[in-house]
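A.B. asks: What follows is a predicted protein model with its sequence.
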Amino acid sequence: MAATGQDGVVLLHGILRRATSMKLLEQALTAAGYRVLNLDYPSRRQDLSEIVEGLRDPIAAFEAALTGHLHFVTHSMGGLVARAYLNRFPPERLGRVVMLAPPNEGSEIADLLQRNWLYQSAFGPAGGQLATQRSEELCRLLGAVDYPLGVIAGDRSLYVFASLVLPGPNDGRVSVERTRVAGMSDHIVLPTSHPLIMRDPEAMAQTIHFLQHGRFRR
């Protein structure tokens, strides 16, 4: 599934981030021949369901202008946004999905801090949905992964305290094990950290490789 010039990629940033955090990845995808929609969304002010509703129109308009497939590439919580979007508004010509450091099974950091008012103030409604224990409503919102999905995890941390809380290899925000999700097509671990993975040259190259071939390069 090599890019034809009419394939498009939707980029979804993580919580507390903006579209500018995905700029290097946007440039790499454009150079590889994809049309790119690098979206901002109110990650701190809305829950996942509200975020998805707000993304419907711009993504639908972008898809309508394509003659090829529509792919998704995400960072951190953007992976959960993509899962909820694809479950609620599945594109007619969905291609492949790559998630960078996604909390697919939640994060123990959110477990620890979700009742802290500073965390609540900074991360907003969606921050409470990043915990490892999920309501039935949230599970229904995310749905099942029934599309080609590649997950890239990091195992380097810039946060000493977080690394003491997270079990096993982790990127300082999400453990490698919790980036996994049932139904994914491929999974790799790279020596990079949570806040830098979307700018990591190897992560960007692997992202493009998965979009083209449906598997990571080894």
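C.D. replies: Yep, that arrived.

A.B. asks: After the helix or strand of the chain with the lowest mean pLDDT, which helix or strand is next?
C.D. replies: The helix or strand of the chain with the poorest confidence is helix 117-127; it has a mean of 64 (mean pLDDT, DSSP states H and E). Sequence-wise, the next helix or strand downstream of helix 117-127 (DSSP states H and E) is helix 136-142.

A.B. asks: list the helices and strands the helix or strand following that following helix packs on?
C.D. replies: Per DSSP H and E, the first helix or strand lying C-terminal to helix 136-142 is strand 149-154. Strand 149-154 makes packing contacts with strand 94-100, strand 186-190, helix 201-213 when contacts are defined by 3 or more C-beta pairs under 8 Å, 6 or more residues apart in numbering; DSSP states H and E. The way it works is simple: take the backbone N, C-alpha and C, and place the C-beta from them, glycine included.

A.B. asks: now strand 149-154: mean pLDDT?
C.D. replies: In this model, strand 149-154 has a mean pLDDT of 98.

A.B. asks: Indicate each strand paired with it and its parallel or antiparallel sense.
C.D. replies: strand 94-100 (parallel), strand 186-190 (parallel) (DSSP bridges).

A.B. asks: Now do the contacts for D146.
C.D. replies: G183 (C-beta atoms under 8 Å, 6 or more residues apart in numbering).

A.B. asks: Could you measure from it over to I51?
C.D. replies: Noted for D146: a distance of 21 Å to I51, by C-beta to C-beta, to the nearest Å.

A.B. asks: and if you look at S43?
C.D. replies: 7 Å.

A.B. asks: Around N170, count how many other residues there are.
C.D. replies: N170: 28 surrounding residues under other C-beta atoms under 10 Å.

A.B. asks: picking up where we left off before, give me the common contacts of S43 and I51.
C.D. replies: A126.

A.B. asks: remind me which residues of the chain are low pLDDT?
C.D. replies: Along the chain, the parts satisfying pLDDT under 70 run over 1-5, 111-125.

A.B. asks: Perfect, I'm done here.
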